[in-house]
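Participant: here is my input, please return the structure:
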Amino acid sequence: KELPEPVLESSGMISRFEQAASAKEVAQRESQLSQLVKQLPTCNRVLLAWVTLHLDHITVREKTTKMNAQTVAMTLSPVLQMSHRLLLALLCHCKSLFPDIILTKYIPPLPSGSANLPDEPESIALELVKQESLLAQIHMQMNAGFVTKSREEQLWEVQRIITQLKRKYKIAQKLEGQVQKSLDEDTRSNDEHHGNLQKSDQTHNSTETISSALKNPQNTEPKSNEQFKGNCDPTIPVGEVATQFTPIEERSHSSTNTIKMEKTDENSFIDPQISEATTEQVSLEKVRESLIYGELLNTETSLRTRIQQEKNEIKKLLNILAEKGPEKPISRDRTHSPNEAEMTVMIQLSKENQLLEKKMTTLIRSIIEEKDACVELKVQLAMHQLMESNTLQSLKDKI
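Facilitator: Next up, the predicted model:
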């Protein structure tokens, strides 16, 4: 069968492709074909790429498929509305014409009842896309009127798999966030440790120089005496001269004190920035956890009130039954054995009951997930309002 429209858009474009395919030089033919392929519309270009790459895969497996490039071109060129020479040229240059397109093997969605769900977040997200596409297809078929028991069972199974995948994806994202947070904390602690080691090395070197100066006072004393002799004024009293010069031990002690003070000042300059960021993050986490706790307490109180209402309703019904009195047992003289039709009806009813139970469990799960999502959204809204109020307050304080 022929396609309703040509793959190469129009007859004019087909003639231009034919002229490019008739070029004798390989490089010239490849460049002309690549320029013409870029001029095609997106849908035509994608279709041509997929078809030619698929046919190229067939020709690569010639031993299995028994089809080489010549036979494929001879067979499918009339269907694709192009000449044998053009299709053969496209097959020869397909990898250079379409370098970005990769054909991947299609993996169908997981069937109903499969317990082997993916574990990685990427594979979970891919499977979620497949299951949601399958669910949309089932809904479309049921809306068209193709409603059967098997399709209803498939619908509820797909919904069950989607809920399980969403729950697993949420857990995987939380675990990834915790791992990333721990890695960030480790890198931060390593940086702090490296900085402290550098500071300790600097202080150690400075203390070594001071101690060496203290151990060799003989080398320094003559110079100091010469300086004293050269600079000493005979008119100045001896006591005043003594006050002008301090001993080497006192100077070394003061230098070590200044080094210690510089070290403490640097630590006090670096640590508050890190501690301020960590305390802010911890405070935000605490506020978030407290908001989640408050929302969960509200849901707990609402559920307790509903349980109490149900208990009161049960008590009312029991009182009504007690007022009516016990029912008289109906005596049956003969035992009734169900026939084949009744047995089939009972089996059908039991299957319907099982299906309804599955529907109920899936609905309960979806309700729980929606409630969790509502709690998360409420917490996010409260956090956003709190941050806005804090920023406004800080701006007012600055003004």
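Participant: how many neighbours does residue 51 have?
Facilitator: Using other C-beta atoms under 10 Å, the number of residues around residue 51 comes to 17. In this view, the C-beta of every residue, glycine as well, is placed from N, C-alpha and C.
Participant: tell me the confidence at residue 53?
Facilitator: Per-residue confidence (pLDDT) for residue 53: 91.
Participant: can you give me the neighbour number for it?
Facilitator: Neighbour count for residue 53, taken as other C-beta under 10 Å: 18.
Participant: got the contact list for it?
Facilitator: Applying C-beta atoms under 8 Å, 6 or more residues apart in numbering to residue 53 gives the contacts 94, 98, 101, 103.
Participant: among those residues, who's most crowded?
Facilitator: residue 94 leads these on contacts (other C-beta under 10 Å) with 22 neighbours.
Participant: now do that one, the pLDDT please.
Facilitator: Looking at residue 94, its pLDDT is 88.
Participant: my guess is residue 117 contacts residue 164. True?
Facilitator: Yes. Proximity of residue 117 to residue 164 meets the contact threshold set by C-beta atoms under 8 Å, at 6.3 Å.
Participant: relative to residue 84, which of the contacts of residue 53 is nearest.
Facilitator: For the contacts of residue 53, the closest approach to residue 84 (C-beta to C-beta) belongs to residue 94, at 15.8 Å.
Participant: not counting sequence-adjacent ones, nearest residue to the residue positioned nearest the centre of the chain?
Facilitator: A centroid search over the chain (C-alpha atoms, centre = their mean) returns residue 173, at 5.8 Å, as the residue closest to the centre. Setting aside the residues directly before and after it, residue 173 is nearest to residue 121 in space (C-beta to C-beta, 6 or more residues apart in numbering), at 6.4 Å.
Participant: show me the contacts for the one you found.
Facilitator: Counting by C-beta under 8 Å, 6+ apart, residue 121 touches 169, 172-173, 176.
Participant: so which of those residues comes closest to residue 377?
Facilitator: Using C-beta to C-beta, the contacts of residue 121 come closest to residue 377 at residue 173, 16.3 Å.
Participant: domain parsing for this structure?
Facilitator: Domain assignment for the chain by the TED database gives 11-98, 121-183.
Participant: residue 81: what secondary structure?
Facilitator: Of the three states, residue 81 takes coil under DSSP: H, G, I helix; E, B strand; the rest coil.
Participant: contact partners of stretch 168-182?
Facilitator: Against stretch 168-182 from outside (C-beta under 8 Å, 6+ apart): 117, 119-121, 124-125, 128.
Participant: cool, and stretch 147-167?
Facilitator: If you take C-beta under 8 Å, 6+ apart as the criterion, stretch 147-167 is touched by 110, 112-114, 117, 124, 127-128, 131-132, 134-135, 138-139, 141-142, 351, 355, 358-359, 361-362, 365-366, 369.
Participant: many thanks, have a good one.
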